[in-house]
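In: Provided below are the primary sequence and the corresponding predicted coordinates.
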Amino acid sequence: MQHRNISTTVAGPTPSPPTTIVDNDPFPTLYHDPDSEVTFSGGNVAWAWGNGTVTPQVTGTLHIVNGDDAKFRVRVDSYDSDGNLVGSAYDKEKGHPRHTDAATDIPVDMNAKSGPNIRRAIVALEKEGIGPQWHTKDESIVLELDTFDDDVTILGSGIDVGGLGFSISKGNPTEPAIVSWKIGDDGMLTATYTGYLHFLDFNKEAGRVIIRAIDPLSGREVARTEGGSHSPPDTGYHHYPDTLAVVSEEAYLEVVMQSWVVTDPETNQGTWDDVGSQTVSVAQ
């Protein structure tokens, strides 16, 4: 997963927050129709998240052969995190009428039923029967939304962010810190940072890590969580663990490494200065 930069401010009216593709689930060709009339190839479910809502987006090609005087359609069932059916959507609710036995390819690009807690989907092929009654000809496996972790490594002067591993001879982390993502049943996104702050030849008072949820349209911070202050006892090697989480409706997270700079020695007053950062995104 590539790291992304914060976008610049957009002039004019504030646009609606964009949706973000957080997962893609390709699935094998559906070809188990017992009558060999319909297949579905190149299938993919892209999981779009934004505004506290999850929407499975299905693409692929519906292939029909020997379908004279029949109707076919694609159905997508959306399920919540408990496995309950939320609803079904169709690429064409009344179906695609066929008046020929010749092979036909129909491109499909459709949205399934949305909701804050949609987590699973099944793609099915249907044929209209007598009544009218629609009959399932084939269906996919259960497809599940799954977010992916991001690696974070931030290098500074005497202070670094990474995982537990550290090379004293090279003076840098040998493993990354991790940002994991979880979409709650309310549609809100939790970003969790787990890592270590490493010190070697550090000549400041203290260091810490903070995480900021970022609006990608404006670059504005919308939520933050501050880690504790870590003060190594000397300039030797020391490391301190942190686990921080922030909840928001934003797809971007900035992990920031800071050091404490004393501005008034008499009162020990000072400021936290950013000395390194990395921005990651839930986007796949």
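Out: Perfect, I can see it now. Note that the structure is predicted; figures quoted are calculated from it, not measured.

In: where does the prediction get shaky in the stretch 1-150 of the chain?
Out: The model of the stretch 1-150 of the chain has pLDDT under 70 over residues 1-18.

In: sec struct for Asn170, please.
Out: Not quite, residue 170 is Lys, not Asn. Classification of Lys170 by DSSP: H, G, I helix; E, B strand; the rest coil places it in coil.

In: I'd like to know how many residues surround Leu125.
Out: 25 (other Cβ atoms under 10 Å). The way it works is simple: take the backbone N, C-alpha and C, and place the C-beta from them, glycine included.

In: hmm, it is touching His135, no?
Out: No. Counting by Cβ atoms under 8 Å, no contact exists between Leu125 and His135, whose distance comes to 9.7 Å.

In: distance of Gly65 from Asp35?
Out: Rather than Gly, residue 65 is Val. In this view, Val65 and Asp35 are 10 Å apart by Cβ to Cβ, to the nearest Å.

In: okay, the two: which has more neighbours?
Out: Neighbour totals were compared for Val65 and Asp35, and Val65 leads with 16 against 10 (other Cβ under 10 Å).

In: for that one, which non-adjacent residue is spatially closest?
Out: Ala103 (4.4 Å; Cβ to Cβ, 6 or more residues apart in numbering).

In: how about Pro241?
Out: Per Cβ to Cβ, 6+ apart, closest to Pro241 is Tyr196, 5.4 Å.

In: please identify the helix or strand for that neighbour.
Out: Per DSSP states H and E: Tyr196 is located in strand 189-199.

In: name every strand pairing with that strand and say which way it goes.
Out: Strand pairing for strand 189-199, determined by DSSP bridges: strand 159-162 (antiparallel), strand 177-183 (antiparallel), strand 238-248 (antiparallel).

In: quick check: next helix or strand after that strand?
Out: Per DSSP H and E, the first helix or strand lying C-terminal to strand 189-199 is strand 207-214.

In: what residues of the very next helix or strand once past that next one count as buried?
Out: With elements assigned by DSSP H and E, the helix or strand that comes after strand 207-214 is strand 221-226. Buried residues in strand 221-226, counted by 16 or more other Cβ atoms under 10 Å: Ala223, Thr225.

In: same for strand 221-226, what does it pack against?
Out: Packing partners of strand 221-226 (3 or more Cβ pairs under 8 Å, 6 or more residues apart in numbering; DSSP states H and E): strand 207-214, strand 238-248.

In: deepest of those strands, which one?
Out: strand 207-214 (a mean of 24; mean count of other Cβ atoms under 10 Å).

In: any idea how far the nearest residue to Gln57 once chain neighbours are set aside is from Asp186?
Out: Sequence neighbours aside, Ala46 is the residue nearest to Gln57 in space, at 4.4 Å (criterion: Cβ to Cβ, 6+ apart). For Ala46, the distance to Asp186 (Cβ to Cβ) stands at 22 Å.
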